[in-house]
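Trainee: just the structure for this:
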Amino acid sequence: MFKLEDFEKYGKAQFEQAVTSAASVQNGVSAIASVWGDYAKKSFEDTRFLVERLAAVKSFDKAIEVQSDFVRSSYETYVAEAQKIAGLCNDLGHSMLARLQSGAH
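Mentor: Below you'll find the model as predicted:
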């Protein structure tokens, strides 16, 4: 027979699971946003430093060298940060999938 207490327990368990899942997702998204913010800040600072260095050069060859170093460094930084963010997204996806699978059983 259906009891009101059973329904309340089920509802409470589902609510707690939803809150836990939401907190997990929020933490994952927050970590991703933090990494993106740090990358944007570093990128801005690197670009500002490039402009300062270019303003100080006296020859065209040196300007090309400074710019080439900047492009190389920027690409390496981008790849490293993209891999870090991809890892965080992967972790978040696995966490969400695990919670969905555990809730389905």
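Trainee: what sits against the residue nearest in space to the middle of the chain?
Mentor: Central residue of the chain (Cα atoms, centre = their mean): I32, 1.8 Å from the mean position. Residues in contact with I32 (Cβ atoms under 8 Å, 6 or more residues apart in numbering) are I85, L88, C89, L92. Every residue, glycine included, has its C-beta placed from N, CA and C.
Trainee: tell me the spacing between the closest residue to the second one other than its chain neighbours and Q101.
Mentor: For L88, the nearest residue in space outside its immediate sequence neighbours is I32; the separation is 5.0 Å by Cβ to Cβ, 6 or more residues apart in numbering. For I32, the distance to Q101 (Cβ to Cβ, to the nearest Å) stands at 22 Å.
Trainee: and stretch 57-74, what's buried?
Mentor: V66, F70 (16 or more other Cβ atoms under 10 Å).
Trainee: err, stretch 80-95, not the other one
Mentor: Quick answer for stretch 80-95 (16+ other Cβ under 10 Å): E81, K84, I85, L88, L92.
Trainee: give me the lowest-pLDDT entry from the residues you listed.
Mentor: Across those, the member with the lowest pLDDT is L92, scoring 90.
Trainee: quick one: contacts for it?
Mentor: Per Cβ under 8 Å, 6+ apart, neighbours of L92: V25, G28, V29, I32.
Trainee: how about 10 Å then?
Mentor: Residues near L92 by Cβ atoms under 10 Å, 6 or more residues apart in numbering: S24, V25, N27, G28, V29, A31, I32.
Trainee: cool, Q26 as well?
Mentor: For Q26, counting by Cβ under 10 Å, 6+ apart, there are no contacting residues.
Trainee: measure how far the host helix or strand of it is from the centre of its chain, please.
Mentor: Here Q26, judged by DSSP states H and E, is contained in helix 4-56. Computed by Cα atoms, centre = their mean, to the nearest Å, the chain-centroid distance of helix 4-56 equals 6 Å.
Trainee: right, I'll leave it there.
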